[in-house]
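S.K.: Give me coordinates for this.
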Amino acid sequence: MKTFPVAFVLLLMLFSCGLFRRGVDVNQGGPVAASYKSTIPFDYIRDKVIVPVTIGGEERRFLFDTGAITMISQSLFREMGYPVFGKGRFSDIHQNTDTTKVVKIPQLQLGGVVFRDLPAMVYDLNRLPWSCFRIDGIIGSNMMRHSVVQVDLQRQRMIISDDLYKLDMGGAKAGKMELDKQSSPYVRVTFADRQEASFLFDSGSDGFVNVHRSFFRKIEDEVHLQRERKGRGSNAMGMIGTGSDDRVYRFMLDSFSIAGHSFFQPNIEVTHTRSKVGSQLFRYGSVTLDYPSATFYYEANRDTLRYRDDRGADFGFIPVVKNDTFRVGLVWEHSLVDSLGLKPGYRILRINDYHFADSLESAFCRSFLKDAFKTTPEIEMIYQDDQGDFKRVKIRRKK
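M.R.: Numbering: from 1, shown residues only. Here you go, the predicted model:
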């Protein structure tokens, strides 16, 4: 086993859920009451909003994901015995596709609001990475399409109402919002004061801004940008799995704006996946989605919104879970690990005391939920290359 000293910062992959492609109409059901307002506290775990939901008289944990339709776990499906009324095909951010059962949830309560007859996909949420969050389901935009939803991370609360005027909007600014066939919201993002496009607002994705290559080609000559990284591989986990190896670019822009608010010196990633704004937007202010009037509101926490990059310096690669193993997902070019020959697909067996080969779920969830490698000054990693050889690297963080 060979040993190499190397310096970089380790981060775990981004997560994102899926889009419904075809099958049954998911825009059915809704709140029972015509007038309502309820405040719901939530847990915020690794940029995921997790709220308590009552089904069958018991409290469950659901993830709030504007980019997905409502979903329940296979275990909850078996427990409740819901009849299947159709099948649907859906895709994730990498265009991986799968077919799943669709049921109707007779009754679900979120805070003080009761919903009835909600279509929901049935999916295995006990596999990685979703098992780390111990959720029973996902609240999608099809469930919220009749409501106004406000997410305030500073107060760690969600408010749902039938009427915008029941909410304290403070100094929130409005922007246009469009809904797709599954009621997922698309917001207008402006670059260079004139280049504008609709980006999916995906609260299930824990990134900040991803730009599709085709739109980036339209704006790259009109915006002031600095390329920070170019890599190859897959840097995100979709609902179904990882994507194929591809080019990923990271740039720093002067600014862009959403709903009248400018973000200065943001980092964006350019990939082959759809353009979207992720849940990191919650860090900078409160988000209000007025689904009935198709309007997006944002109230910034401060006058000047300057992007905060907490990923650290000298980042070298991104690991992902693939085929029930922990592997190198993406390698940034010209990083030290790139010079050592680390490639996407190499299997990671151990990092420090986290033994991914022996107990993948336990090691992955413990390291991910603790963000274990964010501040660790040094790690030791054992990996297996494409020839089957095992190698050991000692990695020291470099600022």
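
S.K.: which residues of the stretch 151-300 of the chain fall in helices?
M.R.: Counting by DSSP state H, counting those that start in this stretch, the stretch 151-300 of the chain has these helices, from start to end: 213-219.

S.K.: got any ranges where it has weak pLDDT?
M.R.: Within the stretch 151-300 of the chain, the segments meeting pLDDT under 70 span 236-244.

S.K.: got the contact list for residue 184?
M.R.: Taking Cβ atoms under 8 Å, 6 or more residues apart in numbering, we find residue 184 in contact with 19, 66-68, 140-141, 200-202. The C-beta positions use only the backbone N, C-alpha and C, and glycine is treated the same way.

S.K.: again, 6 Å this time
M.R.: By Cβ atoms under 6 Å, 6 or more residues apart in numbering, the contact list for residue 184 reads 66-67, 141.

S.K.: among these, who's most crowded?
M.R.: Counting neighbours by other Cβ atoms under 10 Å, the top entry in the contacts of residue 184 is residue 67, with 29 neighbours.

S.K.: ok, how many other residues are close to the closest residue to it other than its chain neighbours?
M.R.: Leaving aside its sequence neighbours, residue 67 sits nearest to residue 202 (Cβ to Cβ, 6 or more residues apart in numbering; 3.4 Å). Look at residue 202: counted by other Cβ under 10 Å, it has 27 neighbours.

S.K.: got it, and residue 127?
M.R.: Here the number of neighbours of residue 127 (other Cβ under 10 Å) works out to 12.

S.K.: before we move on, the earlier item: what is the lowest-pLDDT residue among the contacts of residue 184?
M.R.: On pLDDT alone, residue 67 ranks lowest of those, at 92.

S.K.: still on that earlier bit, what's the separation between the residue nearest to residue 67 and residue 48?
M.R.: To residue 48, residue 202 is 12 Å away according to Cβ to Cβ, to the nearest Å.

S.K.: Equivalent analysis for residue 389, please.
M.R.: 37 Å.

S.K.: So which of these two has more stuff around it?
M.R.: A side-by-side neighbour count of residue 389 and residue 48, using other Cβ under 10 Å, places residue 48 first with 21 against 10.

S.K.: phi, psi of the nearest residue to residue 128 once chain neighbours are set aside?
M.R.: In this structure, residue 128 finds its nearest non-sequential neighbour in residue 321, 4.6 Å apart by Cβ to Cβ, 6+ apart. Backbone torsions of residue 321, given as degrees, to the nearest 10, read phi -90, psi 120.

S.K.: What is the neighbour count of residue 321?
M.R.: Look at residue 321: counted by other Cβ under 10 Å, it has 22 neighbours.

S.K.: Over to the one 10 residues further on?
M.R.: Look at residue 331: counted by other Cβ under 10 Å, it has 23 neighbours.

S.K.: begin at 45 from here
M.R.: Fine by me, first position is 45 from now on; the one you just mentioned is residue 375.

S.K.: is the residue nearest to residue 172 in a bridge, and if so with what?
M.R.: The residues listed as beta-bridge partners of residue 365 by DSSP bridges are residue 370.

S.K.: secondary structure class for residue 193?
M.R.: Following DSSP: H, G, I helix; E, B strand; the rest coil, we place residue 193 in the strand state.

S.K.: Just give the nearest non-adjacent residue to it, would you?
M.R.: Distances taken as Cβ to Cβ, 6+ apart place residue 333 nearest to residue 193, at 4.8 Å, with adjacent residues excluded.

S.K.: and the contacts of residue 228 as CSV, adding secondary structure?
M.R.: Shown next, in CSV, are the contacts of residue 228 (three-state DSSP):
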residue, secondary structure
110, coil
111, coil
185, helix
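
S.K.: In the stretch 95-244 of the chain, what residue spans correspond to strands?
M.R.: Taking DSSP state E, counting those that start in this stretch as the criterion, the stretch 95-244 of the chain carries its strands at 102-108, 115-117, 128-135, 141-154, 157-167, 181-183, 192-196, 201-205, 217-223, 229-235, 239-245.

S.K.: about what we covered before: contacts only, for the residue nearest to residue 111.
M.R.: Going by Cβ under 6 Å, 6+ apart, residue 246 touches 111, 320, 322.

S.K.: Now do it against residue 195, distance only.
M.R.: 13 Å.

S.K.: before we move on, what about residue 97?
M.R.: In this view, residue 97 and residue 195 are 16 Å apart by Cβ to Cβ.

S.K.: now residue 404
M.R.: In this view, residue 404 and residue 195 are 32 Å apart by Cβ to Cβ.

S.K.: So these two - more neighbours on which side?
M.R.: Between residue 404 and residue 195, residue 195 has the larger neighbour count (other Cβ under 10 Å), namely 25 against 16.

S.K.: if we can go back for a sec, of the contacts of residue 228, closest to residue 253?
M.R.: Ranked by distance to residue 253 (Cβ to Cβ), the contacts of residue 228 are led by residue 111 at 13.9 Å.

S.K.: that older thread, redo the contacts of residue 246 as CSV? Include distance to residue 289.
M.R.: As requested, those are exported to CSV (distance: Cβ to Cβ, whole Å):
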residue, distance to residue 289
111, 24
320, 21
322, 22
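
S.K.: how deep is the closest residue in space to residue 76 that isn't next to it in sequence tucked in, by neighbour count?
M.R.: Nearest non-adjacent residue to residue 76, counting by Cβ to Cβ, 6+ apart: residue 158, 4.7 Å away. Residue 158: 14 surrounding residues under other Cβ under 10 Å.

S.K.: Could you tell me how far residue 158 is located from residue 180?
M.R.: For residue 158, the distance to residue 180 - Cβ to Cβ - is 17 Å.

S.K.: Residue 427 now?
M.R.: 35 Å.

S.K.: and if you look at residue 404?
M.R.: From residue 404 across to residue 180, the span is 22 Å (Cβ to Cβ).
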